[in-house]
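Enquirer: A predicted structure for the sequence below; I have some questions about it.
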Amino acid sequence: MFRINPFKTLLTISFLLFVASCTDGDDNSKLQYHEVSSEFKSYALFEDGSTWTYKKQGTEETAVITIDSTLNYMGLNGLNNDLIDYKYDAYEQFIHQPNPMNYRKWEVSATNQSEMNSNITSLLRLFFTDRYYIVLQPNYYFGDTIHLGKNEGDYINVEFLPQFTLDEHNFSSVYHSKIYDSLNEPRTLDFYVAKNFGIIRQEIRTQNDSIIWNLISWDIDQ
């Protein structure tokens with residue numbers, strides 16, 4: 001079971017006090033509070049020290065991704081627009097640096113989306129050293145293109161795979177998502193996210209190149 005240690009709890013309390021000071025005494029207690037569901041946590045939230053080893057397809061290069069620390073806090077949607085719609089549960093998990101996949105952290109947070117294709121109203125956002133993308137948001141309808149702005153590109157839920165085989169490993173309940181990014185060099189990113197395993201495959205393609213990382217081993221806890 002996922003646990004938060006006392007130091008991170010202290011950070012959370014400090015964050016909440018900061019948020020309260022920024023809202024000029026507004027009463028947010030009546031706002032609806034959205035929590036990350038246990039179902040979504042099974043796809044995206046792991047214990048500190050959890051480690052994934054990936055291999056770059058067509059080479060012998062490997063990448064080890066390890067969670068160094070986790071911060072849990074309550075966010076306020078709309079804080080920057082002076083119109084707070086709701087409160088939401090959020091986690092940031094910081095990745096050991098450096099690593100060949102250029103991961104910096106990922107963020108798991110609850111949402112309040114009206115476009116419903118799933119009762120899992122949460123998202124997983126992955127931060128690279130230079131960019132960030134939503135890599136999983138199950139409640140969007142499959143095949144719909146969601147325009148997230150120039151910074152995050154266009155997001156699509158491609159398919160849900162009850163079973164998925166990667167090399168000799170079998171995974172179940174896998175979401176496949178795609179991002180179209182045209183901010184700098186046009187490229188597409190495909191992610192395969194499996195229940196109880198997280199990201200098991202990442203594909204990044206440009207006009208002249210493609211880089212694919214496949215999960216080959218793991219030591220993870222939830």
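Expert: Perfect, thanks for sending it. Numbering: from 1, shown residues only.

Enquirer: pLDDT below threshold where in this protein?
Expert: Within the chain, the ranges that satisfy pLDDT under 70 run 1-29, 79-84, 112-119.

Enquirer: tell me which element residue 190 is part of?
Expert: Assigned by DSSP states H and E, residue 190 belongs to strand 187-194.

Enquirer: just the CA trace of the very next helix or strand once past that strand, in PDB.
Expert: As assigned by DSSP H and E, the chain's next helix or strand after strand 187-194 is strand 198-206. Written as PDB, here are the backbone C-alpha positions of strand 198-206 (Å, rounded to 0.1, in the frame of the first residue of the first chain):
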ATOM      1  CA  GLY A 198       3.100   2.200 -14.900                       C
ATOM      2  CA  ILE A 199       4.800   3.100 -18.200                       C
ATOM      3  CA  ILE A 200       5.900  -0.100 -20.000                       C
ATOM      4  CA  ARG A 201       6.700   1.300 -23.400                       C
ATOM      5  CA  GLN A 202       7.500   4.800 -24.800                       C
ATOM      6  CA  GLU A 203       7.800   5.700 -28.500                       C
ATOM      7  CA  ILE A 204       9.100   9.000 -29.700                       C
ATOM      8  CA  ARG A 205       9.100   9.600 -33.400                       C
ATOM      9  CA  THR A 206      10.300  12.600 -35.500                       C
END
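
Enquirer: buried set for strand 198-206?
Expert: 198-204 (16 or more other C-beta atoms under 10 Å). In this view, the C-beta of every residue, glycine as well, is placed from N, C-alpha and C.

Enquirer: distance between the strand ranked longest in the chain and the chain's centre?
Expert: Across the chain, the longest stretch assigned as strand under DSSP state E is strand 62-77. The chain centroid and the centroid of strand 62-77 are separated by 9 Å under C-alpha atoms, centre = their mean, to the nearest Å.

Enquirer: point out the other helices and strands that it packs with.
Expert: With contacts taken as 3 or more C-beta pairs under 8 Å, 6 or more residues apart in numbering; DSSP states H and E, strand 62-77 sits against helix 6-22, strand 51-56, strand 86-95.

Enquirer: and the contacts of stretch 88-98?
Expert: With contacts defined as C-beta atoms under 8 Å, 6 or more residues apart in numbering, stretch 88-98 is touched by 33-36, 45-46, 48, 64-77, 103-112.

Enquirer: surely residue 195 touches residue 41?
Expert: No: using C-beta atoms under 8 Å, residue 195 makes no contact with residue 41, being 10.2 Å away.

Enquirer: these two: who's more crowded?
Expert: It is residue 41, of residue 195 and residue 41, that has more neighbours when counted by other C-beta atoms under 10 Å, with 18 against 15.
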